[in-house]
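Undergrad: need coordinates for the below:
(2 chains)
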Amino acid sequence: MSDALLQRQATLLEHLTSSRAIFGEDDLSRPWLGMDRSLLHLEARFSHEKRMAKIKAILPRTLDHLGSAHEAIVRDFAAVCPSTGIGRLENARQFYDFLLARWQQEAPQPPHLPDLAAFEIAYAAVQRSASESPQVVPDALPGAVRRHPAVVLLRTDYDIRPILEQESTEAAPQPGEVCLALTIPAGAKEPVVQALLPELFALLDLLDDFTPRETFADMPHADAMIEDFTAGGLIEVRP
Amino acid sequence: MVAGAISSAASPSPSIGIGYRYGIDGWIRANLSRFDVLEITLDHCLAANSLARDAIFDLVGQIPLTAHGIGLSIGTEVPLDLAYVDAIASLLDCLGAPAYSEHLAFTRVPGRDLGNLLPLPRTHAVAESVIAKIKAVQSRISVPFLLENITYVFDWPDNELTDAEFLTLICRETDAGLLLDLENLYLNASNHGFDTRAFLDALPAGLVREIHLAGGKTISEPFLSRPLLVDTHSYPVPEEALTLLDRTLARQTPFSIILERDDRLDARDEILADVAAIRARVGHGASTLLSQSFSKQNLDGPGKPGHGAARPL
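TA: Coordinates of the predicted model:
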């Protein structure tokens, strides 16, 4: 192995993932380490566009709702978050984490954007887990129930459902807590999103581990609820 | 029977097919009879959820499958990711693929991954390093390893070898075959000003085991001294690449020719027209190289995951 070659490769990738190379901020007529800087700019731009296309595939509405700040935000993201992997979800998570950090410093605009981004990340994660075999827990009692491992629970501060149901960015979500559960039924390609009553959401949230059926004995309509949740793919019943 | 460009009436022609994409799985299945072979991108399989993986494994036994990789980054000057290579080896067995191809390129260094294929300095020292890593890969997989030429926008300043010399040297020292991407050859020759004939003539007869074809587009920018052709896998195969196919088949006997398409996948007529154009250039006998091997596999037993016996051609 040659440290010299690795160093050259690392230097090249550092340049190709820099915002000055991506956005062509240098004098492109001057060579860079003996290479044509304009061609390196093109390579950097292509790679950045490819990466943003991956992110857009996971966070389409979030990117649309960035509005006039879109360009500046993407430019800042490119400057501080070089890609560390080729996966769509991996790059989207990187962008989401970048947005979360940014929203610590400045209020998100529009204010429902964190909910929308969290929802799109959760949706992709559930889709990614489609039909993964649930873990077998041998010591759980037959009939015990737990939240299905593929379910993602999401509590939002705005009701973003109008956005999810429309293609346009015109919908204005109203403030108000909404409890959502995302899951993907066996054999389905797309996740199902269900709005839950806060009490049921809280109950599902507690069911990380298999819980004996008797625990719910005092709850009215517990059997019907468990049946509904099971049919909806929200809980798993130990056979 | 129409005699092929390279095949006598008695010898089989290359199998012709497309790169499998899960996004058009239904269409591919509905048109399976139009293809002799499908190319599976192993990294798509590794990253897929189980639905997509099942869809790919369901093709085993229905049509011959070849295996292609995009995630090895064999040119990065760090030790190989052996866990990745072993995952690839396992998939190859499941698919019953006759070979495994990867790019002569690098895409990442520790901590950064560009997600795009980048050229290597074409030097003897770099060739030596790649040769060692190919041998390591070969020791862990059960089928022949093929190396693919990439297209590159920029080039290193300290090259000692031409593209053909670099590829030939590495393939000769490793017994690897060549997956010749003719679109990449056409683009590189056009963008970097070298002669495609000299490139093809420099390849030893029999070195090319697979061929890729695709269609790209032309980029014009104020900061570029001239328009550049880029490989986007999104448009019909240009006539220039098909002409290179004619010339290649005069000296080489690839076992498959794969049309790559990653964008504008709704333009299905274009995909079928490209496949038809390739068939017209090749001519097509009653059997293909892969269908002969495939029939033998099916006689020997099912090629389902976990049972597929990979049979090098």
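Undergrad: who in the stretch 151-300 of chain B is up against chain A?
TA: B:153-158, B:219, B:221, B:223-225, B:228, B:230 (C-beta under 8 Å from any C-beta of the partner chain). The C-beta positions use only the backbone N, C-alpha and C, and glycine is treated the same way.
Undergrad: tell me where the stretch 201-313 of chain B has helices.
TA: Taking DSSP state H, counting those that start in this stretch as the test, the helices found in the stretch 201-313 of chain B are B:239-249, B:268-282, B:289-300.
Undergrad: repeat for the stretch 1-150 of chain B
TA: B:25-30, B:42-47, B:50-57, B:82-95, B:124-138.
Undergrad: list the buried residues for the top strand by length along chain A?
TA: As assigned by DSSP state E, the longest strand anywhere in chain A is strand A:174-183. Residues of strand A:174-183 classed as buried by neighbour count (16 or more other C-beta atoms under 10 Å in any protein chain shown): A:178-183.
Undergrad: got those residues as CSV, with pLDDT and distance to A:Asp97 columns?
TA: Putting the buried residues of strand A:174-183 into CSV (pLDDT from 0 to 100; distance: C-beta to C-beta, whole Å) gives the following:
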residue, pLDDT, distance to A:Asp97
A:Val178, 96, 23
A:Cys179, 97, 24
A:Leu180, 97, 21
A:Ala181, 96, 23
A:Leu182, 96, 20
A:Thr183, 93, 24
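Undergrad: can you list these in TSV and add distance to A:Leu153?
TA: Converted to TSV, the buried residues of strand A:174-183 look like this (distance: C-beta to C-beta, whole Å):
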residue	distance to A:Leu153
A:Val178	12
A:Cys179	7
A:Leu180	7
A:Ala181	6
A:Leu182	8
A:Thr183	10
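Undergrad: and for residue 185, the neighbour number?
TA: Let's take chain A. Number of residues near A:Pro185 (other C-beta atoms under 10 Å in any protein chain shown) recorded here: 14.
Undergrad: ah, no, chain B please
TA: Count around B:Leu185 with other C-beta under 10 Å applied: 23.
Undergrad: which helix or strand contains it?
TA: helix B:182-192 (DSSP states H and E).
Undergrad: okay, that helix in PDB with CA atoms only?
TA: Only the C-alpha atoms of helix B:182-192 are listed here, as PDB (Å, rounded to 0.1, in the frame of the first residue of the first chain):
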ATOM      1  CA  LEU B 182     -18.300   0.800 -25.200                       C
ATOM      2  CA  GLU B 183     -20.200   4.000 -24.300                       C
ATOM      3  CA  ASN B 184     -17.400   4.800 -21.800                       C
ATOM      4  CA  LEU B 185     -14.800   4.100 -24.500                       C
ATOM      5  CA  TYR B 186     -16.600   6.400 -27.000                       C
ATOM      6  CA  LEU B 187     -17.000   9.200 -24.500                       C
ATOM      7  CA  ASN B 188     -13.400   9.000 -23.300                       C
ATOM      8  CA  ALA B 189     -12.000   9.000 -26.800                       C
ATOM      9  CA  SER B 190     -14.100  12.000 -27.700                       C
ATOM     10  CA  ASN B 191     -13.500  14.000 -24.500                       C
ATOM     11  CA  HIS B 192      -9.800  13.200 -24.200                       C
END
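Undergrad: can you list the buried residues in that helix?
TA: For helix B:182-192, using 16+ other C-beta under 10 Å, the buried residues are B:182-191.
Undergrad: picking that back up, just the residues of the stretch 151-300 of chain B next to chain A now: which is nearest A:Ala231?
TA: B:Val230 (50.4 Å; C-beta to C-beta).
Undergrad: quick check, pLDDT for the closest one.
TA: pLDDT, B:Val230: 95.
Undergrad: got it, and B:Thr123?
TA: 98.
Undergrad: which one is it nearest to, not counting chain neighbours?
TA: The shortest distance from B:Thr123 to any residue other than its chain neighbours is 4.8 Å, reached at B:Glu160 (C-beta to C-beta, 6 or more residues apart in numbering or on different chains).
Undergrad: residue most distant from the centroid, chain B?
TA: Going by C-alpha atoms, centre = their mean, the residue of chain B most distant from its centre is B:Pro222, 33.3 Å out.
Undergrad: find the closest residue to chain A in the stretch 101-250 of chain B.
TA: The minimum distance from the stretch 101-250 of chain B to chain A, using C-beta to the nearest C-beta, falls at B:Pro157 (3.4 Å).
Undergrad: can you count the residues close to the residue lying closest to that residue once chain neighbours are set aside?
TA: Nearest residue to B:Pro157, sequence neighbours excluded (C-beta to C-beta, 6+ apart): A:Gly34, at 3.4 Å. Neighbourhood size, A:Gly34 [other C-beta under 10 Å]: 9.
Undergrad: need the pLDDT of A:Gly34.
TA: A:Gly34 is given a pLDDT of 95.
Undergrad: quick one, what contacts it?
TA: B:156-158 (C-beta atoms under 8 Å, 6 or more residues apart in numbering or on different chains).
Undergrad: what about burial for these, which qualify?
TA: Buried among the contacts of A:Gly34 (16+ other C-beta under 10 Å): B:Trp156.
Undergrad: need the helices for chain A, in chain order.
TA: A:3-16, A:19-22, A:37-58, A:60-65, A:70-80, A:88-105, A:113-128, A:161-165, A:198-206, A:222-231 (DSSP state H).
Undergrad: could you measure from the residue nearest to A:Glu25 when sequence neighbours are not counted over to B:Gln62?
TA: In this structure, A:Glu25 finds its nearest non-sequential neighbour in A:Ser19, 6.9 Å apart by C-beta to C-beta, 6+ apart. The gap separating A:Ser19 from B:Gln62 is 47 Å, by C-beta to C-beta, to the nearest Å.
Undergrad: all good on my end, thank you.
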